[in-house]
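Visitor: Next one to model:
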Amino acid sequence: MEYNKKLVFENGREFLGVGFGADVETVQEVVFDTSVVGYQEIMSDPTYCGQIVCMTYPLIGNYGLADEDYETKTPKIGGFIVRDYNDTPSNFRYTKTLSQELEENGIPGISGVDTRAITRMIRNEGNMRAIITDINVSNEEAQERISATSIAHDHVERVSSKKVWYSRTPNYKYNVVAIDCGIKHNIIRSLNEIGCNVTIVPYTTSCETIMGMRPDGILISNGPGDPADVPCVVELIKNLQGKLPIFGIDLGHQLIALANGAKVYKLKVGHRGGNHPVRNLANGKIEIASQNHDHAVCEKSLEGTGLQVTHINLLDGTVEGIENKDQMVFSVQFHPGSVSGSRGVSYLYEQFVENMKEFKTKRGATNA
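Guide: Next comes the predicted model:
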């Protein structure tokens, strides 16, 4: 193995490796993901905008990329760190390799590094920034480049759609407006599957414009970064709450909490992976959920907001779900697609549909 790249962290540790993807230098925050499969979904998840992802599973790239499995059309992930990269996939569905996709989108990757050591370091010291650069760059120069790079606060702006677009389904029953803070395509597909036409709007869309679309419900999507960076969405939720059923996912969950007066804080190490245990307080069942977030809702700050805790993370006790039944608003920190309901889709989407059904009945009775 001939090393040609290095990964240098702001704490001074460096790891030598082999580059793949785009031959560019980048400075980003490094996080780790414990998923065994799904590197394509991770690579194309807009929530990873501005972050270099260290995969704890060692073998990455072995099944390539398939056209149907993207979570967004243009990946915005900051970079990839892997132990063993395989550039000769064995999969009848694959259409290109991971390295090809990263190269096309200007995203660097580095392989051959000790991902276990990196994961332990981040677990113990917390998320930190690092640089993927040429092997000939000295540690001192790498540190200077990290220090000279400012922390971005425009992640949602970078991943949100710039115009309104639509995803329709035959024989629809409900119209949903999705506030795009970095929405995953799987969320849109899931809503289509349960009979919802979805109108995806930019995160800056006004309350008046949304109400003019006559939706039956509002979805606040997942997305990257600090929820405090998008105060316009917090104000939007304040204006919409009580007028329509609202369902929040991931970043949307945190934004709903802020809109109701609760507080959000950054975790030392975020939750990222497909096997996080979450207790549903309504029935006591433990659900294994997929997660990808850096921030969490402060449970004590929920007092007096009208929001009740519905789900708890069993690993660290953080809030995973909140709800205000009277105003038909609820949200979860995890991704709903990982927990099924009675019809094969997530019971959380089913709950959203039931809220829209009740709201639509009430609106019909009022208009009559």
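Visitor: Just the buried positions in the helix or strand containing Asn355, please.
Guide: Asn355 is part of helix 347-367, with elements assigned from DSSP states H and E. Buried residues in helix 347-367, counted by 16 or more other C-beta atoms under 10 Å: Tyr347, Leu348, Tyr349, Glu350, Gln351, Phe352, Val353, Asn355, Met356, Phe359, Lys360. Every residue, glycine included, has its C-beta placed from N, CA and C.
Visitor: Check stretch 296-313 too.
Guide: Buried residues in stretch 296-313 (16+ other C-beta under 10 Å): Ala296, Val297, Ser301, Leu302, Thr305, Leu307, Thr310, His311, Ile312, Asn313.
Visitor: do the same with stretch 73-90
Guide: So, applying 16+ other C-beta under 10 Å, buried residues of stretch 73-90: Pro75, Lys76, Ile77, Gly78, Gly79, Phe80, Ile81, Val82, Arg83, Tyr85, Asn86, Pro89.
Visitor: could you point out where the protein is predicted with low confidence?
Guide: Within the chain, the segments meeting pLDDT under 70 span 338-345, 364-368.
Visitor: change it to 50
Guide: 368 (pLDDT under 50).
Visitor: what does the domain assignment say about it?
Guide: Structural domains assigned to the chain are 5-152, 156-367, following automatic domain parsing.
Visitor: Span of the shortest one from start to end?
Guide: It stands for domain 5-152. One end of domain 5-152 sits 24 Å from the other (C-alpha to C-alpha, to the nearest Å).
Visitor: Show me where the stretch 201-350 of the chain has its helices.
Guide: Here the stretch 201-350 of the chain has its helices, by DSSP state H, counting those that start in this stretch, at 207-212, 231-240, 251-259, 347-367.
Visitor: If you could redo that for the stretch 51-200 of the chain, that was the one I meant.
Guide: Assigned by DSSP H, counting those that start in this stretch, the stretch 51-200 of the chain shows helices spanning 98-104, 115-125, 139-148, 155-159, 185-193.
Visitor: With distance to Asn4 and mean neighbour count added, can I get the ones you listed in JSON lines?
Guide: Output for the helices of the stretch 51-200 of the chain, formatted as JSON lines (distance: least, C-beta to C-beta, whole Å; neighbours: other C-beta atoms under 10 Å):
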{"stretch": "helix 98-104", "distance to Asn4": "14", "mean neighbour count": "19"}
{"stretch": "helix 115-125", "distance to Asn4": "18", "mean neighbour count": "16"}
{"stretch": "helix 139-148", "distance to Asn4": "15", "mean neighbour count": "14"}
{"stretch": "helix 155-159", "distance to Asn4": "29", "mean neighbour count": "22"}
{"stretch": "helix 185-193", "distance to Asn4": "34", "mean neighbour count": "19"}
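Visitor: With distance to Ala22 added, can I get the ones you listed in a markdown table?
Guide: Shown next, in a markdown table, are the helices of the stretch 51-200 of the chain (distance: least, C-beta to C-beta, whole Å):
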| stretch | distance to Ala22 |
| --- | --- |
| helix 98-104 | 5 |
| helix 115-125 | 20 |
| helix 139-148 | 17 |
| helix 155-159 | 17 |
| helix 185-193 | 23 |
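Visitor: Relative to Asn175, which of those is closest?
Guide: Closest to Asn175 of those is helix 185-193 (C-beta to C-beta; 10.3 Å).
Visitor: can you tell which of the helices of the stretch 201-350 of the chain is closest to Gly317?
Guide: With distances scored as C-beta to C-beta, the stretch of the helices of the stretch 201-350 of the chain nearest to Gly317 is helix 251-259 (16.2 Å).
Visitor: who does the closest one touch, helix- and strand-wise?
Guide: strand 217-220, helix 231-240, strand 246-249, strand 264-280, strand 286-297, strand 319-324, strand 329-332 (3 or more C-beta pairs under 8 Å, 6 or more residues apart in numbering; DSSP states H and E).
Visitor: Save the ones you listed as CSV, and put in distance to Phe9 too.
Guide: Below are the helices and strands packed on helix 251-259 laid out as CSV (distance: least, C-beta to C-beta, whole Å):
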stretch, distance to Phe9
strand 217-220, 34
helix 231-240, 32
strand 246-249, 31
strand 264-280, 15
strand 286-297, 17
strand 319-324, 30
strand 329-332, 32
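Visitor: so which of the ones you listed comes closest to Thr97?
Guide: Of all those, strand 264-280 comes closest under C-beta to C-beta, at 22.5 Å.
Visitor: Of all the helices of the stretch 51-200 of the chain, which one is nearest Gly217?
Guide: Per C-beta to C-beta, nearest to Gly217 of the helices of the stretch 51-200 of the chain: helix 185-193, 9.3 Å.
Visitor: Show me which residues of stretch 198-209 are buried.
Guide: By neighbour count on 16+ other C-beta under 10 Å, the buried set for stretch 198-209 is Val198, Thr199, Ile200, Val201, Pro202, Tyr203, Thr204, Thr205.
Visitor: among these, which are in strands?
Guide: Using DSSP state E, the members of these that fall in strands are Val198, Thr199, Ile200, Val201, Pro202.
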